[in-house]
Each structure stands twice: as structure tokens, then as C-alpha cells.
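>>> kindly return the folded structure for what I paste below:
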Amino acid sequence: MTPEQVAAASKPVVLDLGDAFARDPATLRRARLLGISGWAFYISGRAGALGDVRAETAAAALGFIAPDAVADGWDAAARIVPPVEVAAASLAECCRWGAQQLDALPATERLAFLVERAVVAADASAMPLFAAWRAMPMPDLSAGARSAAGLRLLREHFTGAYLLAVRAAGMTPLEAVLAGPEGEAGAVACGWSPPYPPIGPLVRRRLWAEAVTNRLVAPAFTALGPAAGAELVELLHRTRADLAAGV
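Predicted structure coming up:
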């Protein structure tokens, strides 16, 4: 497989598994222990890797979430706990989920190795959130924890690349969300308020942006080579299937 083919084939699984820990009830309990809402934990847990920045900066880095919605979560968390501490707690929950859910699966050690190679090789230019997360120290060294943290990093890399591609396509983040598979429901989930622009003219631009995203992320997979790239795609799909089956 070419690096672009690896990017295209792995993207949906990385986007799913890289955020799976956030849907775990135990992660939401961590938010309550910190004294903040689940939304504040999500926003500050992602953008908090940037440090004590303004809400506008966090919104610019997150990109696809409405600035007002980012500010609501960011400011609510910052009044109680520093952003970097929320980010550290979020990473700890990610690693906990990985250790619990992935350690027992076959080939997790190999998955962690391949994902980490891709993360190290990825180009962080113009992707401040990915760069900030890559610099965060790892709290757990088990294979499952490393896999989960690495998948989260790759998710941020894909998301950052897509944000760049969307802007290059002449689209706003809101337009990209509306033209995506979830449409207006996705826009609502990301905090954007109606009225919304028509999506008909945007679909072709979004498809172009998807292709450019794969091109931007491809260097991360070049380091693996064709055989290991194909192996990574296979392991990602097998891991998702095993999790769904409760293996």
C-alpha cells in the first residue's frame, strides 16, 4: 500500500478508536471528580495541552467546534482547574481505557509499535494541537495504554490535517461539518447555531479536502513502508472488530 492509501484506509478507524476512551463512563466520572462538566472536560482535555491560552486560541486549534461552545467549556474548566491538568487527566483516562480494553487483545504490542512509529514520523507543521499532544509525557507504558495514546495522537494529526485542507479548499469549518456525513446534526453537536448555509455546492470541495488530508498525513506512514503500512491497517480494523465483539 502507498502511504496515501494507508492514510485513507486507516482514517475512519483512527478517528473512531482515537476517541473511544472519551465515550467510556469512567472518563465522565473523572470529569465529575475534577468538579467540571463533561463538555468542559472534553474541551479543556483536548486543548489543554496548549497550556494556559485564551479561549479564542483554543477554538482556533480545535477548529471544527463553534468558538462560543469552546469558550463555554474552556472558561468553565479554567475557573476550577488549570487546562494542562485537565489535559493530563484526559490522557490518564485515555491510557486507563487502553490498558483495560486493549492489553488483552492479540497483537496490541505490535499495534503500539507501528502507531508510535507513525506518530514520531508525522510532520507537525501548522498543527499546534498535535504538536502539543506529542510533547505530553506518557503516564502508562503498557502496550494497550501506548496504543490508545498513539491512536489519540494520530486522531489529532488527521483532524489537524483536515482543518488545513478545509481552509485550503475555501471552506469554513462549519461548512465542512455540514457537508460531512452527519450534516446539520453534526453542526449542532459541535455547537454551531442555525441558520446554516446550503451544502449542495460544498460536497465536491469536501471530497477534495478529504483527498488532501490523506496527502498531508501520508508522510507519517511513509516511515512504515508498504508492508508495515498494510499491516497497520489490518491491525486497526481487527482491533476495532475485536472491541465490538467483546473479545
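>>> hey, which helix is longest across this protein?
Longest helix of the chain, by residue count under DSSP state H: helix 143-168.
>>> may I see the buried residues of that one?
143-166 (16 or more other CB atoms under 10 Å). For glycine as for every other residue, the C-beta is placed from the backbone atoms N, C-alpha and C.
>>> quick check: mean pLDDT of that helix?
For helix 143-168, mean pLDDT is 97.
>>> helices or strands up against that helix?
Secondary-structure packing of helix 143-168 (3 or more CB pairs under 8 Å, 6 or more residues apart in numbering; DSSP states H and E): helix 3-17, helix 83-102, helix 108-121, helix 128-134, helix 173-179, helix 203-222.
>>> packing partners for the second one?
Applying 3+ CB pairs under 8 Å, 6+ apart, one finds that helix 83-102 makes contact with helix 25-34, helix 38-47, helix 67-78, helix 143-168.
>>> closest to residue 108 out of the ones you listed?
helix 143-168 (4.5 Å; CB to CB).
>>> and the angle for that closest one with helix 38-47?
90 degrees (axes from the mean of the first three to the mean of the last three CA atoms, to 10 degrees).
>>> what's the offset of helix 143-168 from the middle of its chain?
4 Å (CA atoms, centre = their mean, to the nearest Å).
>>> hang on, the earlier thing: I'd like the helices and strands packed on helix 83-102 as CSV, with distance to residue 192 appended.
Listed next are those as CSV, based on distance: least, CB to CB, whole Å:
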stretch, distance to residue 192
helix 25-34, 23
helix 38-47, 15
helix 67-78, 8
helix 143-168, 14
